[in-house]
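Visitor: Output the structure for:
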Amino acid sequence: MSYITVIGAGSWGTTLAELLAQKEYDVTLWVYERELAEEMDRTRVNSVYLPDVKVSDNLKITSDLEKTLSNARYIVSVIPTQFMRPVLAQAAPHIPEDAVIISASKGIENETLLTCSQIIKQSVDRTVAVLSGPSFAKEVINRMPTAVTLASEDYATCLLLQEVFNTNYFRVYSHHDMIGVELGGALKNVMAIASGISDGLGLGNSARSALITRALAEMTRLGVMMGASENTFSGLSGVGDLVLTCSSNLSRNYTVGFELGRGDKLVDIIAKRKSVAEGVATTKSAHGLAQKYNVEMPIVAEVYKVLYEDKNPSVAVQDLMKRTLKAEFYG
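Guide: Reported below is the predicted structural model:
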């Protein structure tokens, strides 16, 4: 059986580790906090991120990064994007030469504007794949039907990993467009904040529908400029993940936006949360990419102003609605 290491024990990392352990793979979950690792090993419960679920007895849990990587054939990286580089620097000397790294994080690094797979490739010279798509950890760990995308530039690796992750409740589709799949997974978090703001302001279903549709147009424009396939954004990692994240209070990013729309301040919203809402940091990166590639992304621009320039959300909505009229499809 393959030896698999999952790095990162948030809700999604714990869920993927449990999914693989249930398939009777030899799996180790690396937990950053030593105290939480010891507690999880003893109680089989992630009290911080998934307090209502017990993980399998055969799932190994540790805070020793070197030990857990020493024999790993597959490494699933579920590290929050802005913390990924230092963890990979610590891990790199211990990763076997033939290991395959699967990125399951969704974000874009602020300083470099790189996606997670690009960060991994800079940090560790190994084969890389990307797992993304519309999926909530709480639903997957309870075996609710979910479909996702797994992308790799290496076709054989993609087919192999498709089999590794696929179950009778977690359906995995293969793809080749890594950059498109990653951009869809990252940018939808920014749009989810916008959707939450709209709902927090009480603007209704029509407004949310319009926002999701125009958000997809923005994501696609940027993706194509960065070399992604336009078709990718009509798939699971594009519109699929966008609709899910923009429409549910299970989404951390949506709830951040909702609270902003209700009048709460970002600093107070972040202070009371244990888990990371990737969209807050990704908004800064998306804004930078729009400028770098000279792509018009008005929704991203307004979310950026709300988050980082303390713009009133109601004014941001009005400024979006008062933009110069144009054709729906252009350029």
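
Visitor: C-alpha from now on. contacts and neighbour counts both.
Guide: Fine.

Visitor: So which residues of the protein form strands?
Guide: 3-7, 26-30, 45-46, 50-54, 60-62, 74-77, 100-103, 127-132, 146-152, 170-175 (DSSP state E).

Visitor: Which elements pack onto the last one?
Guide: Using 3 or more CA pairs under 8 Å, 6 or more residues apart in numbering; DSSP states H and E, the elements in contact with strand 170-175 are strand 146-152, helix 155-165.

Visitor: which of the ones you listed is buried the deepest?
Guide: strand 146-152 (a mean of 22; mean count of other CA atoms under 10 Å).

Visitor: packing partners for it?
Guide: strand 127-132, helix 155-165, strand 170-175, helix 178-200.

Visitor: That strand relative to strand 127-132, how many degrees between them?
Guide: Interaxial angle of strand 146-152 relative to strand 127-132 (axes from the mean of the first three to the mean of the last three CA atoms, to 10 degrees): 160 degrees.

Visitor: Please work out which residues outside strand 146-152 touch it.
Guide: 128-135, 140, 158, 161-162, 169-178, 181, 236-237 (CA atoms under 8 Å, 6 or more residues apart in numbering).

Visitor: So, low pLDDT: which residues of the stretch 101-250 of the chain?
Guide: Along the stretch 101-250 of the chain, the model assigns pLDDT under 70 to no residue.

Visitor: Neighbours of Gly295, how many?
Guide: Let me fix one detail, which is that residue 295 is Val and not Gly. Look at Val295: counted by other CA atoms under 10 Å, it has 16 neighbours.

Visitor: Please read the previous query as pertaining to Pro51.
Guide: Neighbours of Pro51 (other CA under 10 Å): 11.

Visitor: Kindly provide the distance from it to Thr43.
Guide: Applying CA to CA, to the nearest Å, the value for Pro51 to Thr43 is 11 Å.

Visitor: Surely Val130 and Val100 touch.
Guide: No. Counting by CA atoms under 8 Å, Val130 sits too far from Val100 to count as a contact (10.8 Å).

Visitor: picking that back up, mind putting the helices and strands packed on strand 146-152 into a markdown table with distance to Gly107?
Guide: Compiled in a markdown table, the helices and strands packed on strand 146-152 are given as follows (distance: least, CA to CA, whole Å):
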| stretch | distance to Gly107 |
| --- | --- |
| strand 127-132 | 11 |
| helix 155-165 | 21 |
| strand 170-175 | 19 |
| helix 178-200 | 4 |
